[in-house]
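Student: this is a predicted model, with the sequence first.
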Amino acid sequence: MAFELPALDYDYSALEPHIDARTMEIHHTKHHNTYLTNLNNAIAGTDLEGKSIEDILGNLSPDQGGLNFNGGGYDNHCIFWKNMSPNGGGEPGGDLAAVIGDFGAFKEEFSTKAVTVQGSGWAWLCTKPGSGSVEIKQMPNQTSVRTEGYVPLLGVDVWEHAYYLNYQNRRPDYVAAWWNVVNWDDVAARFAAAK
């Protein structure tokens, strides 16, 4: 069975003024859809057909660069949409807050990782399954943290297609605005499931 483009839990305009509706629409229907199409084409008729995206990304070989790019692009964006909410922002609570520790220091470190990605890529808060701890990682292009044995919890897309219409070359401004839509309930649920 082929992977599908997930519907968003909110309208394209719901994250404004932080992320504009036109960027959301293009990002979802064009960019994400392209990764999806290329992923489905790559696995069609292979032994990967019917496997979960977690299995595919967690077991890539070095010669599967296209699958890494498109599978990662598909999965990263599925998480990205859920990591955001019109009612987002603020700080995490519970176990997630405890493991993050000083939120101000965490936010500064995460933002720095996001802003300093060279070229295109992502910043991720992630965990090793069963570890109960978290790490912040930069990942190039669409490479998933799953390829390194991590579970992705919170990711910010810093490809220009994620922000250029509204923020142009001002990646730091985009990252600062993005914190206002972070869906901490989703991130906490991912962390709880990985423990």
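Tutor: Nice, thanks for sending it over. Bear in mind the structure is a predicted one, so any value in this text is a computation, not a measurement.
Student: got a list of what G93 touches?
Tutor: Applying CB atoms under 8 Å, 6 or more residues apart in numbering to G93 gives the contacts W184, A188. In short, each C-beta sits where N, CA and C put it, glycine included.
Student: whoops, I mixed them up, D186
Tutor: Listed by CB under 8 Å, 6+ apart, the contact set of D186 reads K82, N83, S85.
Student: G88 - that's part of a strand, no?
Tutor: No. Using DSSP: H, G, I helix; E, B strand; the rest coil, the assignment for G88 is coil, not a strand.
Student: mind checking pLDDT for the nearest residue to it once chain neighbours are set aside?
Tutor: Excluding its sequence neighbours, the residue lying closest to G88 (CB to CB, 6 or more residues apart in numbering) is V181, at 4.2 Å. Per-residue confidence (pLDDT) for V181: 98.
Student: how close does V181 sit to H27?
Tutor: Distance, V181 to H27, by CB to CB, to the nearest Å: 13 Å.
Student: same check, this time on W159
Tutor: Remark: distance between W159 and H27 (CB to CB) = 9 Å.
Student: these two: who's more crowded?
Tutor: Using other CB atoms under 10 Å, the more surrounded residue of W159 and H27 is H27, with 22 against 18.
Student: next, the contact list for the more buried one, please.
Tutor: Residues near H27 by CB under 8 Å, 6+ apart: H77, D157, H161, A162.
Student: if you rank the residues you listed by neighbours, which is first?
Tutor: In terms of neighbours by other CB under 10 Å, these top out with D157 at 26 neighbours.
Student: could I get the phi/psi values of that residue?
Tutor: Main-chain torsions, D157, degrees, to the nearest 10: phi -80, psi 120.
Student: where in this structure is pLDDT low?
Tutor: For the chain, applying pLDDT under 70 flags the ranges 1.
Student: and H28, how many residues sit next to it?
Tutor: H28 has 18 nearby residues by other CB under 10 Å.
Student: look up how far M139 lies from the nearest residue to it once chain neighbours are set aside.
Tutor: Distances taken as CB to CB, 6+ apart place L8 nearest to H28, at 6.4 Å, with adjacent residues excluded. Using CB to CB, one obtains 23 Å as the distance from L8 to M139.
Student: how about T112?
Tutor: Using CB to CB, one obtains 15 Å as the distance from T112 to M139.
Student: coming back round to it: which of the contacts of H27 fall in strands?
Tutor: Within the contacts of H27, residues falling in strands by DSSP state E are D157.
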